[in-house]
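Q: Sequence and computational prediction follow.
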Amino acid sequence: MMEITKTIIYRVNRGKMLAYATVTLNDSIVISGIRLYEGDNGRFILFPSRTSKKGRKFDVAFPCKDEMREMILKEIEFEYLNEVLR
């Protein structure tokens, strides 16, 4: 299983968007541009995406397993709350 070795939070507070995050996995892979949102059913994250020339959106990086997505969400939420409480 991959391990989150570093998380950086950039607070933005734009409507329901709370922050951007950069996550490092196993000190080897960095995913920048993860967005943390406050939704009607709790917080959720969106991974970085791009729009093609034809206007179609596609994800650049994303977890293949729900467990990994949950682990990243919990880590980002934890670091976000630490940032808010400072």
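A: That came through, no problem.

Q: Find the residue closest to the spatially most central residue of the chain in space, skipping its chain neighbours.
A: The residue lying closest to the centre of the chain (C-alpha atoms, centre = their mean) is Ile34, at 3.2 Å. Distances taken as C-beta to C-beta, 6 or more residues apart in numbering put Ala21 closest to Ile34, at 4.4 Å, once the chain neighbours are dropped. All C-beta spots, glycine's among them, are computed from the backbone N, C-alpha and C.

Q: What sits closest to Leu18 if chain neighbours are left out?
A: Leu36 (4.7 Å).

Q: what bridges to the one you found?
A: With DSSP bridges applied, Leu36 shows beta-bridge pairing to Ala19, Ile45.

Q: ok, now how distant is it from Ser52?
A: Applying C-beta to C-beta, to the nearest Å, the value for Leu36 to Ser52 is 25 Å.

Q: now do Ile45
A: 22 Å.

Q: next one: Glu70
A: 29 Å.

Q: Tell me which stretches of the protein form strands.
A: 4-14, 17-25, 29-39, 42-46, 49-51, 57-59 (DSSP state E).

Q: So which of Glu70 and Ser52 has more stuff around it?
A: Comparing Glu70 with Ser52 by neighbour count (other C-beta atoms under 10 Å), the higher total belongs to Glu70, at 12 against 8.

Q: Quick check: which of the strands of the chain is nearest to Lys65?
A: Among those, the nearest to Lys65 by C-beta to C-beta is strand 17-25 (12.9 Å).
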